[in-house]
Each structure stands twice: as C-alpha cells, then as structure tokens.
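A.B. asks: below: sequence and its predicted model.
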Amino acid sequence: MDSKQGWWVVLGSLFALTVTAGVGFFSIPVLTSSMLSEMGWSLKQFSFGTSLWAVSAAIFCPICGYCVERFGVRKVLIVGIISGAYVQHLFGQIQTLMQFYVVASLAPITIMCCTQIPIATLITHWFSEKNRGKATGLAMLGIGVGGGISPKLTAAFMEAHGWRGAMTDLGLVLLLALIPTLIWLRSPKGHATVHEELEHANDDPAIAKSLTLKEAIRTRTFWNMSIADMLFGAVFTTFNLQLILYLTKDTGNEVLATNVLSMYLLFMSFGTLLFGWLGDVLPFKRVIVSAYFLPALAILFLLLPPTPVFLYTFAILTGLAGGGRIALIPVALARCMGQVHLAEIFGLSNTLFMIGNAVGPIIAASIFDATSNTTIIYCMFIAMLCFCTVLISTMRKEAH
C-alpha cells in the first residue's frame, strides 16, 4: 500500500473522472434550452426526466457496488465507459418524450459504473488510512475539473454541430477515459475482487475485520451516515440546479448570481484537496463533522443583505464543504466498516444520497413556486444541515 504505483493510479483516476463525471454529470444542463426549444417540451416534462435519472441511479448504485466486488474495478470501468458513450449517442437520436425518459433512465446505469463507486474502491485498496484522504481527494478532484471543463466543451460542440451532434461528440470524448483505465487503473495484485482480497485475511488484520454489507446495515453508524449524506445531497443538488434562480430573485442580478455559482463550483474542487489532506493530518471525525456543518454556517450569509461580499463568502465556504464531502465520505465508510466490501456498502449508501438528489430540488422548487420566498428555503437547509452534523458526529468504527 501507499506505493509509487498507487499515486499513478490516483492520477489516472483524476483523468478518468474528469472525463466521465464531466460528460455524465455536467453536459445536459448546457443543452437543456436547445432541447426544449426544438422538442417543444415544458421544463416540468424535462425535469421529470432528470428525476428519473436520479431514481435510476439510486436503484443501480448497490448493483454497481456488487459488480465491482465480483468482477473487479477495471472491468466495470471499461463496461461503463463504452456503454456510456453509446448512451450519449442515443441522447442525440431521441424523437419523443418517452424516448428521452428511457435514455435518461439508462444513462446513470452507465455513469455510476465509471465514477465515484469504482474509483473510491480502487483508491481504498491502494492506500492505508495514513494517505487515503489525500489520495481520494486528489482523485475526486476530477469531478470538479470535469465540471469546469465540460460545460464550455459542450457549448463549443453545440455551436459547431447542434445539440444532437454535441451528444455524439460527448460520447466520443467519454471514450478517452479508456486511456487511463487501460494503462493505470489496476487493483493491487491479489485485490481485484472480494474473493481475491479475502485470501489475504490471515495476513492483513484490516481485511479480517471488515464488515459485510449485511453486517454493515445492522449498524447505527451506517444509517446515520447515509441519512446525513442524503440530506446533504438534497441541499447541494438543489443549489447546483436552482441557486442562480434564488440569487437572481434576491439580487435582481443574474450575472452576479451566475458568477456566485461559478465560484461555488470552483471551490468545490479545492475542497476535495483541502479536506482530503485535513482528514489525514487531523482527527478524522472532527474534519468530516466540520465539512457537514460548514455549509449551515455559510447559508447564514444568504440571510444577510445580498452584497457581493456575503454572496461570494457563501460560495467559497459552501464549495469547500461540498468538495470535502466528496473526498471524505468513502474514506469514512472504509474507516468505519472496513475496506473489503466498501463497493457494496458505498453503493447502498449512495442510493440514499441519490434519493436526496431526486427529492430535494422538487421540494425546494415547490416551496419557491408557492411562496417566491428564498428565506424559507435557506432556513430549511440550515436545519437539515445541522441535523446532518448531529448524525455524522455519531460515526464510529464498527469493523470488528
């Protein structure tokens, strides 16, 4: 563990996630306006498709974790990348709303196979607790980098080839993730699958103490962490989708609102590095608790007069915390439950996170439509994040 080769795996993971997360998570919003204009759909009809995406992801996450454990990270990544490229092409071929719903339901099945679950599992197998936070944070930086690059790349493709051609172009871009996958993304020798790893149980106490999925779901720690992550996901996904709407309402300045969102996404990238490093050098529990509580404090700035200073302060603090969650949650699960069955455990935990992603924006949008009052939403989010902090603070090592 913690070998030079492991850091090459981290860099390869960063490259792969930049491509897969960039295409899978951040391209569709850029194309939404053009799709609605051509197809004649309402925003509500389109939003139902994005909800189907989240529900499909929630259902498939545990299956992805199972496949990683049974077949190995590398095989799952390859299948996910190739099938994901084809699904991106299918997006460009849709002619009806029902076809959009079907493809939107298929897309997360492929993307889950080539993003956080397999990558986090791979990094966990390569690194001990001493460097696992730093390694995971650096690898997960690819999500932020992809979020920064993908919208601009998608816009360029759309300008050149229209939104349909852009979808096919993005599918070809996704295939670039095969390069680091085939060259660098390999499990340590003898640790590709659960069966191989369990053969080392007599030599490695960490392996022998790891919980199975059935054992993990019987613990309070698993459910407290997963529910906290679900609520955290509800808040952050709502901000990802609706923050510009809220801040435009508060300030009357859409340009400022857009710049605040960009700052928020930029500092999310920094947060993966910062909190990953802090998780290795400071008491881990205090670091992850601070990551879950920091955005509650940051949202208080939205309750103050909407000046640029307060809004950018909110963006910086919330972005750092969001990146911290990305880096720390798989590390926390490995610390508490053990590393052997992390893929299955993280997969099921991620199901609750995706449920939060699906439900949070709908609830917030309903409140906003009914009241046009952002203060109610901000106060609700503060309460949810405080509850998250209480739940995450109860985490403990359950591995026996």
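C.D. replies: Great, that's in hand.
A.B. asks: roughly how far does residue 244 sit from residue 25?
C.D. replies: According to Cβ to Cβ, to the nearest Å, residue 244 and residue 25 sit 17 Å apart. Every C-beta, even on glycine, is put in place using the N, C-alpha and C of the backbone.
A.B. asks: typed the wrong thing, it's residue 211
C.D. replies: Taking Cβ to Cβ, one finds residue 211 at 30 Å from residue 25.
A.B. asks: look at these two and report which has more neighbours.
C.D. replies: Legend: neighbour count by other Cβ atoms under 10 Å for residue 211 and residue 25, higher for residue 211 (22 against 18).
A.B. asks: contacts only, for the more buried one.
C.D. replies: Each residue near residue 211 by Cβ atoms under 8 Å, 6 or more residues apart in numbering is listed here: 219, 337-338, 341, 345, 398-400.
A.B. asks: could you pull up phi and psi at it?
C.D. replies: With angles defined as degrees, to the nearest 10, residue 211 sits at phi -90, psi 150.
A.B. asks: for it, report the pLDDT, please.
C.D. replies: Here the pLDDT value assigned to residue 211 is 92.
A.B. asks: likewise residue 17?
C.D. replies: For residue 17, the model assigns a pLDDT of 94.
A.B. asks: please put the alpha-carbon coordinates of the helix or strand containing it into PDB.
C.D. replies: Per DSSP states H and E, residue 17 falls inside helix 4-26. Output of helix 4-26 as PDB, limited to C-alpha atoms (Å, rounded to 0.1, in the frame of the first residue of the first chain):
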ATOM      1  CA  LYS A   4       4.600   5.000  -6.000                       C
ATOM      2  CA  GLN A   5       2.400   3.000  -8.400                       C
ATOM      3  CA  GLY A   6      -0.600   3.800  -6.200                       C
ATOM      4  CA  TRP A   7      -0.100   7.600  -6.900                       C
ATOM      5  CA  TRP A   8       0.000   6.800 -10.600                       C
ATOM      6  CA  VAL A   9      -3.400   5.100 -10.100                       C
ATOM      7  CA  VAL A  10      -4.600   8.300  -8.400                       C
ATOM      8  CA  LEU A  11      -3.500  10.500 -11.300                       C
ATOM      9  CA  GLY A  12      -5.200   8.100 -13.800                       C
ATOM     10  CA  SER A  13      -8.300   8.200 -11.700                       C
ATOM     11  CA  LEU A  14      -8.200  12.000 -11.800                       C
ATOM     12  CA  PHE A  15      -8.000  11.900 -15.600                       C
ATOM     13  CA  ALA A  16     -10.800   9.300 -15.900                       C
ATOM     14  CA  LEU A  17     -13.200  11.200 -13.500                       C
ATOM     15  CA  THR A  18     -12.500  14.500 -15.300                       C
ATOM     16  CA  VAL A  19     -13.900  12.800 -18.500                       C
ATOM     17  CA  THR A  20     -16.600  10.600 -17.100                       C
ATOM     18  CA  ALA A  21     -18.000  12.900 -14.500                       C
ATOM     19  CA  GLY A  22     -17.700  15.900 -16.800                       C
ATOM     20  CA  VAL A  23     -19.700  14.200 -19.500                       C
ATOM     21  CA  GLY A  24     -22.100  12.300 -17.200                       C
ATOM     22  CA  PHE A  25     -23.000  15.000 -14.700                       C
ATOM     23  CA  PHE A  26     -22.400  18.400 -16.300                       C
END
